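Visitor: Need coordinates for the below:
(chains A, B and C)
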Amino acid sequence: MKLNRREFLALTGKTAAGAVIFAACGLPERELIVQSPVDLPEDLVRGEDAWYATTMGDFTTGDGVLVRVMQGRAKKIEGNPDHPVNRGKATARYDSVLQLLYHPDRIKEPMLRYSKAGNLVGVSWDQAESRFRNALAGSSGALTVVTNPLRGHLGSVAGRFAQKFNGKHMTFDPTEQGVLHCAVKSVLGQDQLPTFDIANARTVLSFGADWLGTWGSPAQFGVKYGEFRGGSRGYLIHAEPRMSLTSAAADLWLAPKPGTEGDLALGIASVIVNEGLVDGSNVQAFLSAVPGGLRNYDVRDVAVRTGVPFNRIQNAARHFADHTPSVAFGGGSAGAHTNGSFNLGAIYALNLLVGSVGSAGGVTPNPGSGIDGVPASATGASFQSWEEELAQWRAGNVETVIIRGADIVHGMPNTVAIREALEHVPNVIAFGAVIDDTLDVADLVLPELTFLESWGSDIPEPGPGYQVVGIQQPVVGPTVSQDESGLISDARGFGDILMKMADGTIGSTMEQMVRRAISDLHSSGRGSVSASTPALFTKGVLQRGGWWNTGTKGARGVTGRISNEATSANYSETASLGEGDDFHLVPFHSNSLLDGRLAASPWAQQSPDPISSASWSTWAEINSKEAEELGIKEGDVLLVRSTSGEIEALAYPHPGVRPGVIGVPIGQGHHAAGRWAEDRGANVLSILTNEKDSQTGALAWAATRVRVQRAGRRVKVPKFEGNVEARPVEPGFPVLVVGPNETAEAAKEANHHEYQKSLFNDDYGSVDHE
Amino acid sequence: MASEIDKSKPESSSIPKLLVLVLATGGLGVTAVMGVVAAFVITGWIGQPVPVLGFEQTFDQPINFPHTIHASLSPELGRIAADGTNLEGLGLDCTFCHRTVTTQANAGVPAVGFCATCHQVIGAADNPELTILRDAADIVGDNGPEPVNWRRVHRLPDHVRFVHEPHIRYLTQNPDVVNGTTSGVKEGPAGVCSTCHGDVAAMEQVEQVEPLKMGQCVDCHRDNGAPTDCVACHY
Amino acid sequence: MTTASFGSHNWGMVVDVDKCIGCQACVIACQAENNIPLNTQDRVERARTISWIRVERYWEGDFPDTKARFIPIMCQHCENAPCEPVCPVFATYHNAEGLNVQVYNRCVGTRYCANGCPYIVRFFNYWEPVWPESLRNHLNPDVTVRSRGIMEKCSFCVHRIRRATRTARSEGREIADGEIQTACTSACPTSALNFGNFNDPNSKVSKMREDQRHYTLLDQFGTDPNVIYLAKVDPDKKVSVGEAASHG
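Guide: Here you go, the predicted model:
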């Protein structure tokens, strides 16, 4: 009898008042039987709502969440107010994960393909496990475990499993951050990503990274941004070739030519040094990190190279140096170039110039993991090592590949011919909750529990500047369907299966591992939870969603030098691509789908992009003036062609893109991803070329140049913009903009005056209401 | 012209008498059916519909659970001893099983495991109703644990949000408003349930006795100074 | 000790436009909380989407001086609402707590209210909402699923207000400031959205609306909304002193 199955799940006290469960939704009678009351702990049977604390698994960089559970069903995901990273706040992606849990196309049972040309057929777990064992038996030394970058216990299990079978653990991230980690290590001497103290900064200077939208820990940064804008309002400068959420939030937006972010950073530095805006000691510290000095970075030359007007660079530099504390950071597309290491190195070195390393309002270091042997930092393996690995696959040197959380078929550029490489691997074993392109070609598909159903841990990166361990607990039981069909999915945990296949040599279950880690934390005697007994301590940790220790802070590392192997960027060529106009391709994460891992969720699909308001599709953003010159109109189907392939995207011209740049969102273009995502839009990752960062070998995913041609068709862009008709009213509706210390009343008065004047002069229209 | 009309008369009267009879009875029948349907709809509109065609106010439950034995104290309704004499009912408080009625929106139906705490020992081993329960609780049989799918008797439309907690609280504080009594001595919250549910302790099979229409809700809310704002219940 | 009684509050929202980053967290949180039907591609293309809260984006200027301005817009819960008098069946009305209430079971779907609303925040259900069986698991049981043919709109998460009021009453106390968070304010990472009681002069929202940046949308219509906006700050905006101000 499973009566006590979840008595250990501790209830957190957010709002645990009652709720009307029976009188709702038109399915009250069946609500009673969704999960056997015999199986349920008392608190759920009674129809109370319970808020369980957990972490978000693969969908954030360690945010703490509360999940509202009623009658054994997860209803809502909100931020955990106790958690030091996101402090109760959310992103646009939290709730979408619920739809992966309850996805109608969730993989129900293990599936096996008897030959590479055959179809997947359902098998029992026993059959699947024996197939798994057979695969392992013959592949010592010829095994590769492929996962997304994993921190926490799952990361250590995957690594140890690979080690046990003399195999390799390869991590995959389509927009890998290896360059970032490398730059942070070499310039600031940090193993983990440091914390950016945005809340206490007066000036923030960021490059390439859309940290308010999709980069790093947007919920954490969002909370800090709210504080940054309150009180004495900070000034935000952001450099990115296209209008991202962060560019839109910036007070000063610089749009450099892609790949010249390092130039721009050193140009800013040269203004600061030449104008003597900072202390000499800071200048010394900075120059010792920049081997080549600032000789080639006179602001006028930089303005030409970067395409950013000279006075804007000057303004940025003066703000950055005069209004301290100030912090500079970057990532994303700024590091995704052949000179990525130089770009990011130069950007992070700016912190030395204003003396903001390790101080409030600057870059604060993060400590290592709070649990021994559990990784606190993770990044994707470099593209170069992936190319080498795939060559091994192709040569038949790898017998078994185990894949989890990494959609390599969708995420790799065409240049590596990943489908063909997988055909040379006899045993491709893939885990997942909903089918994706990789599972679709696997030989053995194993249904995996989502983070809402399984145990685990996560160490946030970047953390808040002190030790944090987030604990992931199962908040709902095995997913039973409401109709008579029984289980939605007979899924198991990835970690549990690996441990079973290793015959207990690396641990027995994830649950036990996590519990042991919690009791180790108890014996350390430090941290946010204090309890007399281990059992109470465990309860306390689970209730709060984790453990944090404000006492253990990160140590300042040894400052190094920036890479100057390649200071200028190379791009892929376009000469051989036939007709069309040349553009620089800047892929960006979809605000709701990220790199495509949420593509199966219809909420994520229908969520409008903040800038274009488009949904359900792949669009291409180009500068509206440029589009006009080229005769491209909204909805024109564009053929975007690089040396490695071609995709179709719907043109969406707007004024927020640097001319010559085409921005295409990542995340669509799956062949298989459930009913809402399959064969929808196009996969921009597939047409990336194999340009690499010269130092780390990371994929330079923003270094592709493309030729763009109209296909001759035009369709309606599925966008929200225009669904609500704009009213012809005065300027200042609905967004009223005030200057510093201007009252809303005065601004309205001024707008009104201008409006009245325009009625006579007939020049109204300077503000473009769309 | 007139002759033509005259000619037509014999033709119209030539409709067979049988047909007239059939049509007349048919018409009467239709009228009668319409009347019955109208009566059904009107009674259903005002109070509870006539209990036909699945509109009964009570259902057979998967387990024939007797509230009388559990909740009543009266010997007539209570247990029957082995020698055939009537014993008192247990007189359990309503809140003994419906545990969340004083704190939550819904009163709560106990889990099978909760019933089993008593019934794995209490009750004859060959009692057919208890066998269903013990099977569901995985004490006997090999079907594994399974929920008992109780049928809902008191049911409000989906757009109504009824919350037990404030009603129980108010009625407990204002006993003069309580309508009806529950068999057996009931004090505290359990004494007020009868206001809407009738004397459940005296029912072999639970039946809805009050119409529980909006009119009834609003009347009571008016009389007791409770909010009559639509959004108090509809959201 | 006073206890939370019905009608002693005036619920409202203060939106700091300067903090809004346009991230859509509020939009999805609202959709999940309030059982809003899926906006399928077909519905998006036919401009028949439902989103109780939306983030509008406005362009200003040309490259490189482009600005994208975001503003979240939801039902303004006007004290003097144009949607209310036009409803022939009193399905929408203003209640004593400052809410503009939509009563689903009264609505007959004339759509007059949607015509009357200058903010365009009322949505008509052209279709019966459909979820695949397994997705019904995440429906919120506190909120009625609206059927075809009726209007719906932001309710200020009235089910959360009801619940908090109930809890406070049973505990014999007042509702604390900040105790009620609507789905959107709870999700908003930058705290641009704030919810509270305007009747309490010490509440966070009451203090926030004293800010000199406060304004309401379309105040010339005299709707007197319960949603107060704080203007976007542009530190580089040229503010001319005197009457003949001009910009742009």
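Visitor: I'd say C:V14 and C:M208 touch.
Guide: Yes: with contact defined as Cβ atoms under 8 Å, C:V14 counts as touching C:M208 (4.3 Å). From N, CA and C alone the C-beta is placed, and that goes for glycine too.
Visitor: who has more neighbours, those two?
Guide: C:V14 (26 against 18; other Cβ atoms under 10 Å in any protein chain shown).
Visitor: any low-confidence regions in chain B?
Guide: The model of chain B has pLDDT under 70 over residues B:1-14, B:53-56, B:76-87, B:144-145, B:180-188.
Visitor: near chain C, which residues of it?
Guide: Those residues of chain B that sit near chain C, judged by Cβ under 8 Å from any Cβ of the partner chain, are B:103, B:157-159, B:161, B:163, B:165-166, B:169, B:227, B:229-232, B:234-235.
Visitor: Neighbour count says what about the residues you listed? Which are buried?
Guide: Among the residues of chain B next to chain C, the ones that count as buried by 16 or more other Cβ atoms under 10 Å in any protein chain shown are B:103, B:158-159, B:161, B:163, B:165, B:169, B:229-232, B:234-235.
Visitor: And the residue nearest the centre of chain B?
Guide: B:Q208 (2.8 Å; Cα atoms, centre = their mean).
Visitor: can I assume that residue is in contact with B:R152?
Guide: No: using Cβ under 8 Å as the test, B:Q208 is too far from B:R152 to be in contact (10.1 Å).
Visitor: that older thread, could you dump the buried ones among the residues of chain B next to chain C into a markdown table with secondary structure added?
Guide: Below are these laid out as a markdown table (DSSP: H, G, I helix; E, B strand; the rest coil):
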| residue | secondary structure |
| --- | --- |
| B:T103 | coil |
| B:D158 | coil |
| B:H159 | coil |
| B:R161 | coil |
| B:V163 | coil |
| B:E165 | helix |
| B:R169 | helix |
| B:D229 | coil |
| B:C230 | helix |
| B:V231 | helix |
| B:A232 | helix |
| B:H234 | coil |
| B:Y235 | coil |
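Visitor: distance of the residue nearest to the centre of chain B from chain A?
Guide: Applying Cβ to the nearest Cβ, to the nearest Å, the value for B:Q208 to chain A is 14 Å.
Visitor: Please read off the pLDDT at the closest residue in space to A:P375 that isn't next to it in sequence from the model.
Guide: Leaving aside its sequence neighbours, A:P375 sits nearest to A:G155 (Cβ to Cβ, 6 or more residues apart in numbering or on different chains; 4.6 Å). For A:G155, the pLDDT comes out at 92.
Visitor: Where does A:G155 sit: helix, strand or coil?
Guide: Under three-state DSSP, the three-state class of A:G155 is helix.
Visitor: In which helix or strand does B:T68 reside?
Guide: helix B:67-71 (DSSP states H and E).
Visitor: Tell me the gap between that helix and the middle of its chain.
Guide: Computed by Cα atoms, centre = their mean, to the nearest Å, the separation of helix B:67-71 from the middle of its chain amounts to 17 Å.
Visitor: Surely A:V441 is in contact with A:V409?
Guide: Yes: the pair A:V441 and A:V409 passes the contact test of Cβ under 8 Å, sitting 6.1 Å apart.
Visitor: tally of neighbours for residue 118?
Guide: You didn't say which chain, so I picked chain A. As a burial measure, A:G118 scores 10 neighbours (other Cβ under 10 Å).
Visitor: Chain C, not that one
Guide: 16.
Visitor: ok, now which ones touch it?
Guide: A:R727, C:P82, C:L218, C:F221, C:T223 (Cβ atoms under 8 Å, 6 or more residues apart in numbering or on different chains).
Visitor: Next one: the closest residue to the third one other than its chain neighbours relative to C:I50, how far apart?
Guide: Closest residue in space to C:L218, ignoring its immediate chain neighbours: C:P118 at 5.4 Å, by Cβ to Cβ, 6+ apart. The spacing between C:P118 and C:I50, counted by Cβ to Cβ, to the nearest Å, is 19 Å.
Visitor: circling back to that earlier point, which one (most neighbours) among the contacts of C:P118?
Guide: Going by other Cβ under 10 Å, C:T223 tops the contacts of C:P118 with 21 neighbours.
Visitor: Quick one: residues contacting that one.
Guide: Counting by Cβ under 8 Å, 6+ apart, C:T223 touches C:Q76, C:C78, C:E79, C:N80, C:A81, C:P82, C:P118, C:T216.
Visitor: Name only those of those that count as buried.
Guide: C:Q76, C:C78, C:A81, C:P82, C:P118, C:T216.
Visitor: I'd guessed A:L101 sits against A:L452; true?
Guide: Yes: applying Cβ under 8 Å as the test, A:L101 and A:L452 come out as touching, 5.3 Å apart.
Visitor: Now A:T260. Nearest residue, chain neighbours left out?
Guide: Counting by Cβ to Cβ, 6+ apart, A:T260 lies nearest to A:T306, which is 4.2 Å off, once chain neighbours are set aside.
Visitor: Give me the neighbour count for that neighbour.
Guide: 23.
Visitor: Phi and psi next, for it.
Guide: The phi/psi pair for A:T306 (degrees, to the nearest 10) reads phi -90, psi -20.
Visitor: Could I get the contacting residues of it?
Guide: By Cβ under 8 Å, 6+ apart, the contact set of A:T306 is A:L254, A:P256, A:K257, A:T260, A:D263, A:L264, A:G267, A:I313.
Visitor: what do you get for A:R300?
Guide: Neighbour list for A:R300: A:F310 [criterion: Cβ under 8 Å, 6+ apart].
Visitor: can you confirm it is in a strand?
Guide: No: assigned with three-state DSSP, A:R300 falls outside any strand and is helix.
Visitor: per-residue confidence for it?
Guide: If you check A:R300, the pLDDT there is 92.
Visitor: Determine the number of other residues adjacent to the closest residue to A:I418 other than its chain neighbours.
Guide: Nearest non-adjacent residue to A:I418, counting by Cβ to Cβ, 6+ apart: A:M412, 4.4 Å away. Using other Cβ under 10 Å, A:M412 has 25 other residues around it.
Visitor: Same check on the one 5 residues further on?
Guide: Number of residues near A:A417 (other Cβ under 10 Å) recorded here: 13.
Visitor: Relative to A:V146, how far out is it?
Guide: 16 Å.
Visitor: so which helix or strand takes in the closest residue to C:T49 other than its chain neighbours?
Guide: Leaving aside its chain neighbours, C:T49 sits nearest to C:N39 (4.2 Å; criterion: Cβ to Cβ, 6+ apart). Under DSSP H and E, no helix or strand contains C:N39.
Visitor: Mind pulling up the pLDDT for C:N39?
Guide: pLDDT for C:N39: 93.
Visitor: Phi, psi for A:V145 please.
Guide: According to degrees, to the nearest 10, A:V145 has phi -100, psi 120.
Visitor: hey, what's it bridged with?
Guide: Using DSSP bridges, the bridge partners assigned to A:V145 are A:H169, A:I402.
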